[in-house]
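>>> Fold the following and give me the result.
(one chain, ligands or ions: 1)
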Amino acid sequence: MRERHHPSLDALLSEVRACRACEAHLPFGPRPIVRAGIASRILIMGQAPSASVHTSGIPWDDASGERLRAWLGIDIATFHDESLISIIPMGFCYPGRGAGGDNPPRRECAPKWQGSLLEQLPNIQLTLLIGQYAQRHYLADRSKPSLTETVKAWREYAPHVIPLPHPSPRNQAWFKRHPWFENEVIPQLSERVASLVALAS
Ligand code: SF4
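Numbers count the residues shown, from 1 in each chain. Got it, this is the predicted structure:
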């Protein structure tokens, strides 16, 4: 579906894409990867792009994205329909890699951009908080001491917000240790997403 042109959101997105605020801390340089449509009903708030997403410029264009789409029960075209789904991570640029894997999202990013972007998205009905950074930022004192406890308490936040673990293949052990997640949370999540997709079509 083509979306109506929206000058203020377009202008804001242009400003975001030109951002160089934490360039000195980005080993691969700035490449903000963010997607927002004024009509979108679903917001995906993740961590930061991976190295392959940094290369392609396409959000969730990696193994984590494949698993996320399976959780949501949607195909790739629906996932990339910005009139339905906005994708606004905690850090918009790939933060590079440290000893324990990818570095955390740059801390400058969310305070600089999240508020003004979310103000431009009046139709969001479901926000997916993927990983501890998004959960702590968005839920603040409503988040639990650990990601597992926050995800396990998902009913406290639903139907408008659903906290999720990161769908990275590196989290296989977590998925195995917590079978309730795929048995209880995923069916509810995909049902909620299907109802919002049906509303939009
Ligand atoms: S991570 Fe965010 S604040 Fe830093 S350069 Fe990229 S868009 Fe700007």
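>>> so how far is the ligand from Leu68?
21 Å (C-beta to the nearest ligand atom, to the nearest Å). Bear in mind the C-beta positions are built from the backbone N, C-alpha and C, glycine included.
>>> ok, so what distance separates that residue from His25?
26 Å (C-beta to C-beta, to the nearest Å).
>>> Out of those two, name the residue with the larger neighbour count.
Neighbour totals were compared for Leu68 and His25, and Leu68 leads with 21 against 14 (other C-beta atoms under 10 Å).
>>> which SSE is that one in?
In the assignment (DSSP states H and E), Leu68 maps to helix 63-72.
>>> After that helix, which helix or strand is next?
helix 76-79.
>>> For the very next helix or strand once past that next one, what does the pLDDT average out to?
Following helix 76-79 in sequence order, the next helix or strand is strand 85-87 (DSSP H and E). Throughout strand 85-87, pLDDT has a mean value of 98.
>>> Any residue of strand 85-87 touching the ligand?
No. Using C-beta under 6 Å from any ligand atom, strand 85-87 stays clear of the ligand, coming no nearer than 13.6 Å.
>>> List the contacts of that strand.
34-37, 40-44, 46, 59-60, 78-79, 121, 124 (C-beta atoms under 8 Å, 6 or more residues apart in numbering).
>>> now the strands for this structure?
Secondary structure of the chain (DSSP state E): strands at 42-45, 85-87, 97-98, 101-102, 126-130, 161-164.
>>> Now do the third one: everything it contacts.
Spelled out, that is strand 97-98. 27, 51, 103.
>>> so what strands line up beside that strand?
In the sheet, strand 97-98 lines up against strand 101-102 (antiparallel) (DSSP bridges).
>>> next one: the partner strand to chain centre, how far?
From the chain centre to the centre of strand 101-102 is a distance of 17 Å (C-alpha atoms, centre = their mean, to the nearest Å).
>>> swap in stretch 45-59?
10 Å.
>>> for Gly29, what are its contacts?
23, 93.
>>> From Tyr94, how far off is it?
9 Å.
>>> So for the closest residue to Ser52 other than its chain neighbours, what's the pLDDT?
Once flanking residues are discounted, Ser52 sits nearest to Asp62: 4.7 Å by C-beta to C-beta, 6 or more residues apart in numbering. pLDDT recorded at Asp62 is 93.
>>> cool, Gly98 as well?
At Gly98, pLDDT is 88.
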